[in-house]
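*Asks:* Next comes the sequence, and after it the predicted model I'd like to discuss.
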Amino acid sequence: MTAVTEDVKKNNFLLSIIVGLIAIGFGLSTCDSVKITSGDSIARVNGEDIPYGLYTAQLQRMGVQNMTPEQRQQMPMIGKMIVDQLVDTKLIEQWGTKEMLNATPEEIANIVKNYPVFLDENKKFDLARYKAILLNNKLTPLSFENQQATEVTKQKSAMAITWYPVTENEAKAHFFSLNSGVKVNSLKFNTSDLRSLIPIKDSELSEFLANKKNEELLKNLFERKKSIYEVAESRKIHILTFDLKDKTKADADKIKLEQFLNSAKNKNFLTEAKSFAEKNKEVSTFTDLGDLVKGRLANDVEKKVFAGKKGDVFGPLLEEDQYTIYYLESVTPAVNKTFESVKSELAMDHLKGIKKDELQVVAKEWTTKFAELLDKNQLKEIDALKDKYNLQISKDFLVTEIETNLGGTNLTSDQHQNVLKADDKPIIFDQTSDVIIIKKISKIEKNAPDLAAKWDKEKDSQYQMISAQIGNLLAEDLLKKLREKASITIEEKML
């Protein structure tokens with residue numbers, strides 16, 4: 001007997017309090033097939049398989065089908081990230097089971113009996129309907145309820161793993177550690193991004209191009225860089241949406257949007273649209289869709305957008321339960337370069353790429369130059385070079401006793417301590433191909449009066465936040481230990 005059938009025998013009425021619907025990896029309906037087929041596994045954790053279907057479902061949620069060619073080049077990294085998350089989820093689930101955080105029959109019954117698709121026209125749970133829908137989807141009550149039990153265990157485990165009782169004094173000490181330390185400006189670059197600075201003589205380039213043996217090498221480089229040389233036309237699109245809360249007032253809502261468009265003429269549309277969305281935030285949003293190529297919008301909208309010019313506005317268009325206004329901010333023409341047109345460029349890049357000794361000289365020179373700019377606080381000059389050399393810049397960043405992350409870069413323990421003890425001269429960390437330059441601006445002591453005042457003012461909210469932070473740190477530590485002890489096999493060939 002399942003949890004639901006047993007509960008129905010005990011109670012002939014629907015429980016009035018919904019504890020919460022557990023998110024499952026498929027949508028349940030009376031006609032669509034909802035069975036998750038196990039197929040091949042993407043990984044195995046302590047003898048338990050993680051179905052490949054969970055991996056592909058996560059890829060779909062991330063919109064992999066709409067990725068650009070450049071984004072698809074990151075698939076190995078994206079795939080590994082997803083598998084790591086699935087493995088961590090399985091480890092937490094297994095930990096929760098071991099800690100007896102399983103779902104009770106009453107919890108499962110409550111979840112299922114509040115699932116909308118199993119309710120009759122009077123919003124009461126219908127046992128016959130429940131069994132019929134499962135049968136139609138080739139599921140048994142036991143298998144379906146076991147799935148729900150697994151999700152409850154995951155939820156309980158995720159909550160338990162991050163819960164930690166923190167005293168007010170502990171929270172206060174953590175707060176002062178989080179808000180004191182050394183403020184710095186920092187700059188990070190990869191030496192390979194300085195290759196363009198390596199000098200190549202005209203005679204050397206001509207000699208390389210004249211050698212027919214290099215033709216095949218350059219053609220291979222062209223094929224590898226085709227995503228750069230062959231790029232479809234794109235349009236930078238923003239949308240202003242307006243939800244129809246009452247469809248009987250659709251015409252009035254449309255008139256309101258048309259009035260907005262008339263008032264926004266000859267003005268900065270981005271500013272006006274943001275202001276409109278803020279004033280009507282309960283029903284309206286303004287979103288940057290980014291640069292879109294063909295195939296990303298509905299056909300009728302796409303035809304209008306790709307026939308338009310910079311600054312054009314389309315709408316309001318009725319789309320399901322909302323009106324949408326499309327704004328075309330800019331147009332990026334298609335790029336379609338031939339091999340012959342970029343042959344010299346490819347040769348130049350190749351020659352610069354093989355000159356490792358010259359690159360070291362250039363890197364040393366520019367490390368010194370960047371350090372001097374940082375030392376003199378010439379941040380505008382650094383900003384001007386940011387895009388050209390792919391510089392990662394962090395300004396007025398607080399490095400604390402606890403946080404070892406510096407603007408997206410994780411410092412080693414020694415580097416972290418060197419920053420905390422820094423004097424007024426720039427510090428340079430050479431990490432093989434990456435170089436990090438750090439300049440101390442000021443130091444914030446733990447006994448600073450304004451920190452004490454801030455704690456007194458924000459004590460309650462800070463206490464909750466710090467409790468969560470400490471809980472997350474403990475969760476990370478537990479996950480690390482679980483991973484070290486676990487038997488984990490990942491099917492790399494399936495990524």
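*Replies:* That came through fine.

*Asks:* Please list all residues in contact with residue 41.
*Replies:* With contact set as C-beta atoms under 8 Å, 6 or more residues apart in numbering, residue 41 has these partners: 49-52, 491. From N, CA and C alone the C-beta is placed, and that goes for glycine too.

*Asks:* Out of those residues, which two sit at the greatest distance?
*Replies:* Of all pairs drawn from these, the one with the longest distance (C-beta to C-beta) is 51 and 491, at 11.4 Å.

*Asks:* so what sits against both of those two?
*Replies:* Counting by C-beta under 8 Å, 6+ apart, the contacts common to residue 51 and residue 491 are 41-42.

*Asks:* So which of those two has more stuff around it?
*Replies:* Remark: of residue 51 and residue 491, residue 51 carries more neighbours, 18 against 15, as counted by other C-beta atoms under 10 Å.

*Asks:* And the pLDDT at the more buried one?
*Replies:* Confidence per residue is given as pLDDT, and for residue 51 that number is 85.

*Asks:* Who does it form a beta bridge with?
*Replies:* With DSSP bridges as the criterion, residue 51 is bridged to residue 41.

*Asks:* so which of the contacts of residue 41 comes closest to residue 483?
*Replies:* Minimum separation from residue 483 among those (C-beta to C-beta) is found for residue 50, which lies at 14.2 Å.

*Asks:* name the element the closest residue to the closest one other than its chain neighbours belongs to?
*Replies:* Sequence neighbours aside, residue 43 is the residue nearest to residue 50 in space, at 4.5 Å (criterion: C-beta to C-beta, 6 or more residues apart in numbering). If you go by DSSP states H and E, residue 43 is part of strand 41-45.

*Asks:* And that strand, how far out from the chain middle?
*Replies:* Relative to the mean C-alpha coordinate of its chain, strand 41-45 is positioned 24 Å out (C-alpha atoms, centre = their mean, to the nearest Å).

*Asks:* Equivalent analysis for stretch 380-397, please.
*Replies:* Going by C-alpha atoms, centre = their mean, the spacing between the C-alpha centre of stretch 380-397 and its chain's C-alpha centre is 23 Å.

*Asks:* mind showing which ranges of the stretch 51-200 of the chain have poor pLDDT?
*Replies:* 64-73, 162-165 (pLDDT under 70).

*Asks:* any idea where the helices of it begin and end?
*Replies:* When secondary structure is read from DSSP state H, counting those that start in this stretch, the stretch 51-200 of the chain shows helices at 52-61, 69-72, 75-98, 105-113, 127-136, 141-161, 168-178.

*Asks:* Tell me which residue lies nearest the centroid of this structure.
*Replies:* Within the chain, the residue whose C-alpha comes closest to the C-alpha centroid is residue 62; the distance, by C-alpha atoms, centre = their mean, is 8.9 Å.

*Asks:* The nearest residue to that residue once chain neighbours are set aside: neighbour count?
*Replies:* Leaving aside its sequence neighbours, residue 62 sits nearest to residue 78 (C-beta to C-beta, 6+ apart; 7.2 Å). Residue neighbour count, defined by other C-beta under 10 Å, stands at 17 for residue 78.

*Asks:* Could you do residue 469 as well?
*Replies:* When neighbours are counted by other C-beta under 10 Å, residue 469 registers 19.

*Asks:* To which secondary structure element is it assigned?
*Replies:* With secondary structure defined by DSSP H and E, residue 469 is part of helix 449-485.

*Asks:* Which strands and helices lie in contact with that helix?
*Replies:* helix 75-98, helix 141-161, helix 168-178 (3 or more C-beta pairs under 8 Å, 6 or more residues apart in numbering; DSSP states H and E).

*Asks:* closest one to residue 193 among the ones you listed?
*Replies:* Of all the helices and strands packed on helix 449-485, helix 75-98 sits nearest to residue 193, with 19.1 Å by C-beta to C-beta.

*Asks:* Next, the angle strand 41-45 makes with the closest one.
*Replies:* Angle, helix 75-98 to strand 41-45, by axes from the mean of the first three to the mean of the last three C-alpha atoms, to 10 degrees: 40 degrees.

*Asks:* Show me the contact partners of helix 75-98.
*Replies:* Applying C-beta under 8 Å, 6+ apart, the set of residues contacting helix 75-98 from outside is 42-43, 45-46, 48, 50, 54-55, 58-59, 62, 64, 102, 150, 153-154, 156-158, 160-161, 478-479, 482-483, 486, 488, 490, 495.

*Asks:* next one: stretch 186-205
*Replies:* Stretch 186-205 is touched from outside by 344, 347-349, 351-353, 355, 358-360, 362-363, 366, 370, 374, 382, 389-394, 397, 406-407, 409, 433-439, with contacts defined as C-beta under 8 Å, 6+ apart.

*Asks:* which of the residues in the helix or strand harbouring residue 324 are buried?
*Replies:* In this structure, residue 324 sits in strand 322-332 according to DSSP H and E. Within strand 322-332, the residues scored as buried using 16 or more other C-beta atoms under 10 Å are 322-329, 331.

*Asks:* How about stretch 40-55?
*Replies:* Within stretch 40-55, judged by 16+ other C-beta under 10 Å, the buried ones are 41-45, 49-55.

*Asks:* from those, which two are the most distant?
*Replies:* Counting by C-beta to C-beta, the most remote pair of those is 45 and 53, 16.0 Å apart.

*Asks:* picking up where we left off before, and the buried residues of strand 322-332 as TSV, adding distance to residue 308 and pLDDT?
*Replies:* Output for the buried residues of strand 322-332, formatted as TSV (distance: C-beta to C-beta, whole Å; pLDDT from 0 to 100):
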residue	distance to residue 308	pLDDT
322	21	91
323	18	94
324	15	94
325	13	95
326	9	95
327	10	96
328	5	96
329	11	95
331	8	94
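
*Asks:* Quick one: the residues you listed as JSON lines, columns for distance to residue 455 too.
*Replies:* JSON lines is the format used below for those (distance: C-beta to C-beta, whole Å):
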{"residue": "322", "distance to residue 455": "44"}
{"residue": "323", "distance to residue 455": "47"}
{"residue": "324", "distance to residue 455": "46"}
{"residue": "325", "distance to residue 455": "46"}
{"residue": "326", "distance to residue 455": "48"}
{"residue": "327", "distance to residue 455": "45"}
{"residue": "328", "distance to residue 455": "49"}
{"residue": "329", "distance to residue 455": "44"}
{"residue": "331", "distance to residue 455": "52"}
